[in-house]
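Colleague: show me the folded form of this:
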Amino acid sequence: MQISLVLLSFCSVAMTESAMASVFLYHVVADLTVGKPELVEFCETETVEAAIKAIGDSTECGIPVWKRKTHAGIENTEMRQQRFVGILNSLDIVAFFAKSECLEDHDKALKTPVSEVVTHNNSLLRQVDPGTRLIDALEMMKHGVKRLLVRKSVVWQGMSKRFSILYNGKWLKNMDTSSSSNNLGASSNRPSSSTTTSARDKFCCLSREDVIRFLIGCLGALAPLPLSSISSVGAINPNYNSIEATSAAIEATQKLPEDPSAIAVLEQSQDGQYKIIGEISASKLWKCDHLAAAWALANLSGGQFVMGVEDNVSSRSLKDFSVNQAAGNNNLANGGGSTKPKKFSSRSIGFNAANPSLAVSRSMYRGRSAPLTCKVTSSLAAVMAQMLSHRATHVWVTEDESDDVLVGVVGYADIMVAVTKQPSSVVPSPARSTENSAIVNDVHN
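Modeller: Modelled structure (predicted):
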């Protein structure tokens, strides 16, 4: 009897590993490019004003920035990689606007070239062949790559005749079943000869959000991993950036974090524990009024910034400031609108009004500025679904029994490390299966 149970367990683990391998080994990055728009390069000579509009239409709250082409003709991979500058997000822009010289001259700040604002980091993007295995793409993203540049071709050679994928309710099959090598990055799977010359310079950009969205459609093949708690799979990152609620909000910009681009705002409770009351992040500032947020960042405390401040606050005098009042919440790049004095309030930067007192109960604080949180016992599937449904790059992790006591953060890279772990090293949480199914179904619906 014991031998039978051991054999059954061994077969179960083997089948699980085989299913996981089929997801990562027999899917390629081209599978994720279906329906992706062609990349339109954003040049470093463009203005910050233009960048604000472009970021509003982007994924992961940021845009890749490029140097302008210096010669005509077809570029090779190395030449194109050298032209990539870095990724610009909303937090970078708000931090730039919060500088004293920018607060004094908004027009000059808006017309500043992006090259003076973006953090130069050439390693955040990599060009890969359409036939690159998904497992290899995950390895790159686990080690800091945030975007994959993939050539859009009419016909491409796939990885295996076993490849098939359900995409938007339709089964798509490989157009060519020829085999290929498993080399990382640019493999031998080149676009077929039918690819036109005009298509050679057409690319699309895959983000980590695209990869997570693809993986959440393959949860069955990844079982039991999705039902395992984030603590059991080691997805919680205890190294996060934070400031206290009583500190000046501008302290958050002293050293901007790279991944995730977020700073937790913490409030110390009577028992000495630190609870998260909000965050200053690229996600929260994604489609805000950047000039208003910059003024708040430069003049308010961290607690006031994330909780929202009403016009009748008596603790400090909130001076008038000028913002470009173009139509819409974030249309600074449209070039229209008049400039007129405006008093800061929580609504100025897109946050819902909240009680300005930091002593109020945490339950009274709910709104757009509320941080996205989960528990240490939350399942990996539930956290992935949270991130996708809120278009967030991260989720803050709190203790299971103490509300809002911060223990860490889960970002895209942490999830990718977790999903590539061996099944035998994780422990499922069956009690949460109903909750996970409901959340995942909500994302798909």
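Colleague: does the residue nearest to residue 240 when sequence neighbours are not counted belong to a helix, a strand or coil?
Modeller: The shortest distance from residue 240 to any non-neighbouring residue, by Cβ to Cβ, 6 or more residues apart in numbering, is to residue 409 (4.6 Å). Using the backbone N, CA and C atoms, a C-beta is placed for each residue, glycine as well. When classified by DSSP: H, G, I helix; E, B strand; the rest coil, residue 409 comes out as strand.
Colleague: tell me if I'm right that residue 409 and residue 259 touch.
Modeller: No. Using Cβ atoms under 8 Å, residue 409 is not in contact with residue 259; the gap is 10.1 Å.
Colleague: and these two? Which one has more around it.
Modeller: residue 409 (28 against 16; other Cβ atoms under 10 Å).
Colleague: could I get the full set of strands for the stretch 101-250 of the chain?
Modeller: If DSSP state E, counting those that start in this stretch is used as the criterion, the strands of the stretch 101-250 of the chain fall at 125-128, 147-151, 164-167, 170-173, 203-207, 241-244.
Colleague: residue 396 pairs with what?
Modeller: residue 373, residue 409 (DSSP bridges).
Colleague: gap between the residue nearest to residue 240 and residue 243?
Modeller: Per Cβ to Cβ, to the nearest Å, residue 409 is found 15 Å from residue 243.
Colleague: same thing with residue 98?
Modeller: 14 Å.
Colleague: so the helix or strand containing residue 413 versus strand 203-207, what angle?
Modeller: Here residue 413 sits within helix 412-419, counting by DSSP states H and E. Using axes from the mean of the first three to the mean of the last three Cα atoms, to 10 degrees, the inter-axis angle of helix 412-419 relative to strand 203-207 is 80 degrees.
Colleague: hmm, who's touching helix 412-419?
Modeller: Applying Cβ atoms under 8 Å, 6 or more residues apart in numbering, the contact partners of helix 412-419 are 138, 141-142, 144, 208-209, 211-212, 215, 222, 225, 230, 233-237, 259-260, 380, 383-384, 387, 393-394, 426.
Colleague: the residues you listed in helices, which ones?
Modeller: The helices, defined by DSSP state H, take in 138, 141-142, 208-209, 211-212, 215, 222, 380, 383-384, 387 from these.
Colleague: between the residues you listed, which has the least confident prediction?
Modeller: Among those, residue 222 has the lowest pLDDT, at 86.
Colleague: now do the contacts for residue 234.
Modeller: By Cβ under 8 Å, 6+ apart, the residues touching residue 234 are 417-418, 421.
Colleague: ok so residue 280 is a strand residue?
Modeller: Yes. Applying three-state DSSP, one finds residue 280 inside a strand.
Colleague: for residue 106, see how far away it is.
Modeller: Distance from residue 280 to residue 106, by Cβ to Cβ: 21 Å.
Colleague: out of the two, which sits in the more crowded spot?
Modeller: residue 280 (30 against 19).
Colleague: and the more buried one, what pLDDT?
Modeller: On pLDDT, residue 280 comes in at 95.
Colleague: need the contact list for it.
Modeller: Neighbouring residues of residue 280 by Cβ under 8 Å, 6+ apart: 91, 243, 249, 252, 262-263, 265, 297, 302, 305-306.
Colleague: can you tell me which of the residues you listed are in helices?
Modeller: If you go by DSSP H, the contacts of residue 280 have 91, 297, 302, 305-306 in helices.
Colleague: can you put these in a markdown table and add distance to residue 289?
Modeller: Listed next are those as a markdown table, based on distance: Cβ to Cβ, whole Å:
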| residue | distance to residue 289 |
| --- | --- |
| 91 | 14 |
| 297 | 12 |
| 302 | 19 |
| 305 | 13 |
| 306 | 16 |
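Colleague: just the buried residues of these.
Modeller: 91, 297, 302, 305-306 (16 or more other Cβ atoms under 10 Å).
Colleague: now do the contacts for residue 60.
Modeller: By Cβ under 8 Å, 6+ apart, the neighbours of residue 60 are 89, 146, 207-209, 393.
Colleague: and it, that's in a helix?
Modeller: No. Residue 60: not assigned to a helix; according to three-state DSSP it is coil.
Colleague: got a pLDDT number for the residue nearest to residue 240?
Modeller: For residue 409, pLDDT reads 97.
Colleague: distance-wise, check it relative to residue 224.
Modeller: In this view, residue 409 and residue 224 are 24 Å apart by Cβ to Cβ.
Colleague: with residue 391 instead?
Modeller: Remark: distance between residue 391 and residue 224 (Cβ to Cβ) = 28 Å.
Colleague: next: residue 413.
Modeller: Per Cβ to Cβ, residue 413 is found 22 Å from residue 224.
Colleague: who has more neighbours out of those two?
Modeller: More crowded of residue 413 and residue 224, by other Cβ under 10 Å: residue 413, with 21 against 15.
Colleague: quick one: that one from residue 239, how far?
Modeller: Computed as Cβ to Cβ, the residue 413 to residue 239 distance reads 12 Å.
Colleague: and if you look at residue 106?
Modeller: 36 Å.
Colleague: likewise for residue 288?
Modeller: Residue 288 sits 27 Å away from residue 239, taking Cβ to Cβ as the criterion.
Colleague: the more surrounded of those two?
Modeller: Comparing residue 288 with residue 239 by other Cβ under 10 Å, the one with more neighbours is residue 288, at 22 against 7.
Colleague: on that earlier part again, let me have the contacts of residue 234 in JSON lines, adding pLDDT as columns.
Modeller: Formatted as JSON lines, the contacts of residue 234 follow (pLDDT from 0 to 100):
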{"residue": "417", "pLDDT": "93"}
{"residue": "418", "pLDDT": "93"}
{"residue": "421", "pLDDT": "77"}
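Colleague: fine by me, thanks again.
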